[in-house]
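Novice: I'd like to go over a predicted model; first the sequence, then the structure.
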Amino acid sequence: MTHVPAITVLACLLASCSATHAPLAASDVVVTRPVPGTQISAAYLALTNTSRQKITITKVTSPDFESAELHESILDDGIARMIALEELTILPQQTVLLEPGGLHLMLMRPVGAIESVTLHFYAGEALLLSVDTVVEGIR
Ligand SMILES: [Cu+2]
């Protein structure tokens, strides 16, 4: 499947507003419109591990979608397809890009109109990072 062109959005990093130093930082957050005829959006962003220890993201949720999955687009015998990842490990000081054609977040079945989207990144039950994104032009 193809992803529709991304809509640039404003991202506010809730975690970085707190007094404690967030180990995980997000930037360049983009959430696409749902693919026409589907209830599927994709989220792209850069995730940076600012700590000295590796971080493993095991779960991503959004109150604005019934389901969120970490995906990777791969070429399988010349055929593009996506696989769901159980987890995503980011090494200390490493930035991982979630971008079209590579790693991405697949957001499925929006709950109501998605004008703003919140993403929660977890390691086990520990909330690592929350990202608020305003999606313009979606009614
Ligand atoms: Cu996908």
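Specialist: Cool, got the structure.

Novice: from here on, contacts and neighbour counts on C-alpha atoms
Specialist: Will do.

Novice: So which bits of the protein are right by the ion?
Specialist: Residues of the chain lying near the ion by CA under 5 Å from the ion: 71, 106.

Novice: Below-threshold pLDDT in the chain: ranges please.
Specialist: For the chain, the stretches flagged by pLDDT under 70 are 1-21, 136-139.

Novice: Helices along that one, start to end?
Specialist: Per DSSP state H, the chain carries helices over the ranges 14-17.

Novice: Using the centroid of it, identify the residue furthest from it.
Specialist: Outermost residue of the chain with respect to the C-alpha centroid, by CA atoms, centre = their mean, is D77; its distance is 26.9 Å.

Novice: Give the phi and psi angles for it, as a check.
Specialist: phi 60, psi 40 (degrees, to the nearest 10).

Novice: measure it to the ion for me?
Specialist: For D77, the distance to the ion equals 18 Å [CA to the ion, to the nearest Å].

Novice: Could you pick out the longest strand of this structure?
Specialist: The longest strand of the chain (DSSP state E) is strand 65-76.

Novice: partners of that one, with directions?
Specialist: strand 79-84 (antiparallel), strand 103-110 (antiparallel) (DSSP bridges).

Novice: Okay, buried residues for the last one please.
Specialist: The one in question is strand 103-110. For strand 103-110, the neighbour count (16 or more other CA atoms under 10 Å) marks 103-108, 110 as buried.

Novice: so what's the closest residue to V117 other than its chain neighbours bridging to?
Specialist: Once flanking residues are discounted, V117 sits nearest to T133: 5.1 Å by CA to CA, 6 or more residues apart in numbering. For T133, the beta-bridge partners under DSSP bridges are A11, V117.

Novice: Compute the number of surrounding residues for T133.
Specialist: By other CA atoms under 10 Å, the residues close to T133 number 21.

Novice: cool, I79 as well?
Specialist: 8.

Novice: ok, it to the ion distance?
Specialist: Distance from I79 to the ion, by CA to the ion: 14 Å.

Novice: about what we covered before: mind putting the strands paired with strand 65-76 in TSV, distance to F65 included?
Specialist: Putting those into TSV (distance: least, CA to CA, whole Å) gives the following:
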stretch	distance to F65
strand 79-84	17
strand 103-110	4
